[in-house]
Structure formats: structure tokens, C-alpha cells
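Student: Fold the following.
(one chain, ligands or ions: 1)
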Amino acid sequence: MTQDELKKAVAAAAIEMVKPAIFDGEIIGIGTGSTANFFIDLLAEFRDDIKGTVASSEASAQRLRSHGIEVIELNDAGTLGVYVDGADESNSHLELIKGGGAALTREKIVAAASKKFICIADESKLVDQLGAFPLPVEVIPMARSYVARELLKMGGNPVYREGVVTDNGNIILDVYDFMIATPQKTEEEINAIVGVVTNGLFALRPADVLLLGTSNGVREITP
Ligand SMILES: O=C[C@H](O)[C@H](O)[C@H](O)COP(=O)(O)O
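Tutor: Numbering: from 1, shown residues only. Below you'll find the predicted structure:
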């Protein structure tokens, strides 16, 4: 199976998992990226049944609306029933690296506001230790050089993601050469640097279930 076929298979499995929430009238949180896009496209079949969605990026909001799916503001939604999103890496505890598409901050907010976080990914994303994928950090623009120096002190190699401005008007530093042994501690330490909005580690609020697309079918992994 191709990587896209694996992504589509996990998106279909996630649809089955969120159906009860849809028919219970819960608001659905929607992630960002190529895997989440497959989910959005399959969700279109339920456009008339969904009470509303909250999107973690402008790109996902646009795609949802293009299918006629209602998008509402998180501030008007209360607690979400379920959040579905992809990841750049996951370990077996379902601690994640996210933000390859620069949507990490809104994703983290929507995940925090959701009762259940379903992560959907192809098998290439499951790793023993997080960090081979460079860790995205969203930074207030004027703090870029200062934050980069602090990340260097922590042992990483931060690289400015040229030409990228997040939906919140900020920039991204990608931290290379930074294998992460204690994800919760690292998440807290980076977030404590003044000027950091948030980093792409989802360890303090990991996923609740990982639907992993493999050539032998979709595996359901819980921590
Ligand atoms: O900022 C983007 C998100 O964190 C994505 O969920 C992540 O990069 C995975 O994207 P994809 O499904 O395209 O691999």
C-alpha cells in the first residue's frame, strides 16, 4: 500500500470511531495536514448530521467549508467530544511531535479542549524515541534570535523556517539533532523560554488512541 492509501485507511477508521459523537450532537475537533485532509474529505458524507466542527488551522477550516461542513469558533463550542489529527512522530506512550505544517499551537489548544484525542498516522510515524523529526517551536517574531540561543544551550540545533508565518502571525524554529528522552520535561522546559508560544511536543496532553495504518491493516494503539 502507498503512504496515501495508509493515510486514507486510518482516516476511514477514525470516521467509524467518531460516528457516535457525531450522532450524539457533539462538536468535532479537526486537525491539520495531509492525513487530517483525508479525514475531512470522508467527513463530508456526514455534513448534514454534524452539529459543528472546530478547525485547528485556516487551511482545515477552508477545506471543511468547501465540503459544506459547518465550522465554528472554539470560544462558542465549549468542550469538544473528540479531536482527530495526524502527527509527525508518535512513541508508544502516544506522546507526539506535531507542527510539520506549522499548526501546532492551534492544534494543542483544540486537543486540550477535547475529551478524546484520536491520532491518525501511517506506520512511518511510530518511533522508539521522539526527535528524529525536527521539533517545531512557534515563536513571537521579535524573540527569534533569543529563543534560538536558548534552544542551542539546551543542546538542539534550531533552524528558522524561512517564509513561514503561522495562523497566529508568528515564526517557526525547527530544532534539529535533538533526541528527546523525557518528552514531558522537554515540553515544559521549552515552553518556559520567554518568547516561545508553544512547542510541537504533545506529551503533557498525549493522544488517547493512535490509529496506525500498516500494510496489514489499521492497528489501534492505546498508551
Ligand atoms: O502542523 C501540522 C500538523 O501537526 C500535522 O498534523 C502533522 O504535521 C502531520 O501532518 P501529515 O498528516 O501531513 O503528515
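
Student: Helices along this protein, start to end?
Tutor: For the chain, applying DSSP state H gives helices covering 3-23, 34-43, 58-66, 104-112, 144-153, 183-191.

Student: okay, these, which one's buried deepest?
Tutor: Of all the helices of the chain, helix 104-112 has the most neighbours on average by mean count of other CB atoms under 10 Å, namely a mean of 23. Quick note: C-beta positions are derived from backbone N, CA and C, even for glycine.

Student: Figure out which of the helices of the chain is closest to A132.
Tutor: With distances scored as CB to CB, the stretch of the helices of the chain nearest to A132 is helix 183-191 (13.5 Å).

Student: neighbours around E123, how many?
Tutor: 16 (other CB atoms under 10 Å).

Student: Quick check: residues of the chain near the ligand?
Tutor: Residues of the chain lying near the ligand by CB under 6 Å from any ligand atom: 31-36, 85-88, 98-104, 107.

Student: and R219, which of the helices of the chain is closest to it?
Tutor: Comparison of the helices of the chain against R219 by CB to CB identifies helix 3-23 as nearest, at 9.3 Å.

Student: Just name whatever secondary elements the closest one is in contact with.
Tutor: Judged by 3 or more CB pairs under 8 Å, 6 or more residues apart in numbering; DSSP states H and E, helix 3-23 is in contact with strand 28-30, helix 34-43, strand 80-85, strand 114-122, strand 209-214, strand 217-221.

Student: in its sheet, what does the first one sit against?
Tutor: Using DSSP bridges, the strands paired with strand 28-30 are strand 53-55 (parallel), strand 80-85 (parallel).
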